[in-house]
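K.L.:
structure here, sequence nowhere to be found:
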């Protein structure tokens, strides 16, 4: 609904309300009139809050980080990344303008000094016009040199890779021809090499470049291809990588602590000539915050819906801690598993509700809650990377009193519906929100998996929808492998091309697929480079 539509509906409701109250129907009792006025005032306040909320959703800033709350709180929004933005001062025309205090500026991340050593060097020597002395015409001798390095680039070059297999025969015999066997190919009888298919896959799922744009880029280099051809390449690559994807998903789900989240994925429905809303579920693990054994990884699962049946089918046999938001399907899943699954809820989701209340009502109560949660996040920033036992001890000593005081504060009764809703959400999920005080391995929020949802949102924004269910499944497979490689700071092109070559050629057998998981592949590559040095 547009803002003007909402405003029109609001005016119409108020018109009908006042039209329904006629002088002859008004009570004569003063107490009844007072009660009616208070009820109307409460209803008007509720509608005004809804109006401001909708207006902020449509015309306001999308990020809660940019809300003018407190300077310290700004560092907590959007996964606690600093922005250097300071909140605006109140607009008081009767007071002289004062310059806001300058916040300490973060040091810029610049590459000052030598460029990376692993890059190849291409030397360009510029000699003087003459090496003869101007005085005696004798030969000049080199006494030194100045060296300057700049980062250069060679644009992607399309080439034709010709594979020649010579035939050999003996002149003294009548039979027997020797020739090398045909190498297995990613796409049999196709025109694309493994490197080209990988380039298309990485461009789409790592850098969010839709296939139709890639077709236009190739056309600029004189290669005319149809988008359906590139879609076929992507589907074939996903077919080869499905076993590796399933192994990665199984490895993630075998972890004792699992992050989970879901996001809509529109899928084209040809019969109805429009899209239908399906879901991408993300399963993630990451023990880096406390130095645990589980490496960072994410796997996406395509499903028709987001009900309890969908997530229950994906987590069959899982037992442990599941860190999620407050969605009801996760609660039903935990109930059905009879206590084998413990839910850890997200403190950022609870905080976000108070941020929304503060943005619309400027409530001092919401402001104080935000400041208290800020103190908890400040403690988390200090202990990030520490062992689980140390994290737990510090949390119990410093964060537990803050959460207990917050719990007592939230126990107050409020009649304002937005604030009451935020308080009820926090209190109803309190056990899961405070589970991090009982286990040093648990995070305070689900930012780990929410960060992994961003690539899906970016790809969905650029591609608008998936062309079919098969295309959505291929999307889940390839995005899982590509984004896990990015979590390990690998070049997705180099990683995926090598993995496909190994699988297609048969050099890596099915029982060796664990060697191709991003973290194992990275470790093996590091050992190989160290041995060659």
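P.N.:
It's in. Because the structure is predicted, anything quoted here is derived from the model rather than measured.
K.L.:
what score does residue 401 have for pLDDT?
P.N.:
With respect to pLDDT, residue 401 scores 95.
K.L.:
for residue 131, that is, sorry about that
P.N.:
pLDDT for residue 131: 86.
K.L.:
again, but for residue 84
P.N.:
pLDDT at residue 84 comes out at 38.
K.L.:
kindly report the same for residue 420.
P.N.:
The predicted local confidence for residue 420 is 89.
K.L.:
go on, the one 10 residues further on?
P.N.:
With respect to pLDDT, residue 430 scores 96.
K.L.:
tell me how many other residues crowd the closest residue to it other than its chain neighbours.
P.N.:
Leaving aside its chain neighbours, residue 430 sits nearest to residue 407 (6.5 Å; criterion: CB to CB, 6 or more residues apart in numbering). (Each C-beta comes from the backbone N, C-alpha and C, glycine too.) For residue 407, the count of nearby residues is 14 (other CB atoms under 10 Å).
K.L.:
quick one, phi/psi of residue 407?
P.N.:
phi -60, psi -40 (degrees, to the nearest 10).
K.L.:
distance of it from residue 437?
P.N.:
11 Å (CB to CB, to the nearest Å).
K.L.:
with residue 497 instead?
P.N.:
Relative to residue 437, and taking CB to CB, residue 497 is found at 46 Å.
K.L.:
just want to know which of these two has more residues nearby.
P.N.:
residue 497 (21 against 17).
K.L.:
can you tell me how far the more buried one is from residue 235?
P.N.:
Residue 497 is 18 Å from residue 235, by CB to CB.
K.L.:
likewise residue 363?
P.N.:
Distance, residue 363 to residue 235, by CB to CB: 52 Å.
K.L.:
the more surrounded of those two?
P.N.:
residue 363 (19 against 16).
K.L.:
my read: the more buried one touches residue 356, true?
P.N.:
No - using CB atoms under 8 Å as the test, residue 363 is too far from residue 356 to be in contact (10.6 Å).
K.L.:
any regions of this protein where pLDDT drops low?
P.N.:
1-25, 53, 56-106, 108-113, 415-417 (pLDDT under 70).
K.L.:
give me phi/psi at residue 168?
P.N.:
According to degrees, to the nearest 10, residue 168 has phi -130, psi 140.
K.L.:
how long is stretch 117-125 end to end?
P.N.:
End-to-end distance of stretch 117-125 (CA to CA, to the nearest Å): 20 Å.
K.L.:
hmm, who's touching that stretch?
P.N.:
The contact list for stretch 117-125, computed with CB atoms under 8 Å, 6 or more residues apart in numbering, reads 149, 151-152.
K.L.:
of these, closest to residue 42?
P.N.:
Distance to residue 42, by CB to CB, is smallest for residue 151 among these, at 63.2 Å.
K.L.:
three-state assignment of that closest one?
P.N.:
What DSSP: H, G, I helix; E, B strand; the rest coil gives for residue 151 is coil.
K.L.:
numbering from 21 from now on, please.
P.N.:
Shifting the count to begin at 21 puts that one at residue 171.
K.L.:
that one contacts residue 134, correct?
P.N.:
No - using CB under 8 Å, residue 171 is not in contact with residue 134; the gap is 11.3 Å.
K.L.:
now for the helix or strand where residue 320 lies, which elements pack on it?
P.N.:
For residue 320, the host element (DSSP states H and E) is strand 317-323. In terms of contacts (3 or more CB pairs under 8 Å, 6 or more residues apart in numbering; DSSP states H and E), strand 317-323 is packed against helix 247-273, strand 294-305, helix 328-334, helix 467-483, helix 489-507.
K.L.:
show me how far it is from its chain's centre.
P.N.:
12 Å (CA atoms, centre = their mean, to the nearest Å).
K.L.:
at which residues are the helices of the stretch 71-220 of the chain located?
P.N.:
Along the stretch 71-220 of the chain, the stretches classed as helices by DSSP state H, counting those that start in this stretch are 91-94, 97-100, 214-225.
K.L.:
buried residues, the longest one. List them.
P.N.:
Of the residues in helix 214-225, 214, 216-225 count as buried by neighbour count, 16 or more other CB atoms under 10 Å.
K.L.:
a markdown table for those residues, including distance to residue 236?
P.N.:
Listed next are these as a markdown table, based on distance: CB to CB, whole Å:
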| residue | distance to residue 236 |
| --- | --- |
| 214 | 23 |
| 216 | 16 |
| 217 | 18 |
| 218 | 20 |
| 219 | 15 |
| 220 | 13 |
| 221 | 18 |
| 222 | 17 |
| 223 | 12 |
| 224 | 14 |
| 225 | 18 |
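K.L.:
quick one, phi/psi of the residue located most distally from the centre of the chain?
P.N.:
Most distant from the centre of the chain: residue 156, at 69.8 Å, with distances by CA atoms, centre = their mean. Main-chain dihedrals, residue 156, degrees, to the nearest 10: phi -110, psi 0.
K.L.:
equivalent analysis for residue 202, please.
P.N.:
Dihedral angles (degrees, to the nearest 10) for residue 202: phi -70, psi 130.
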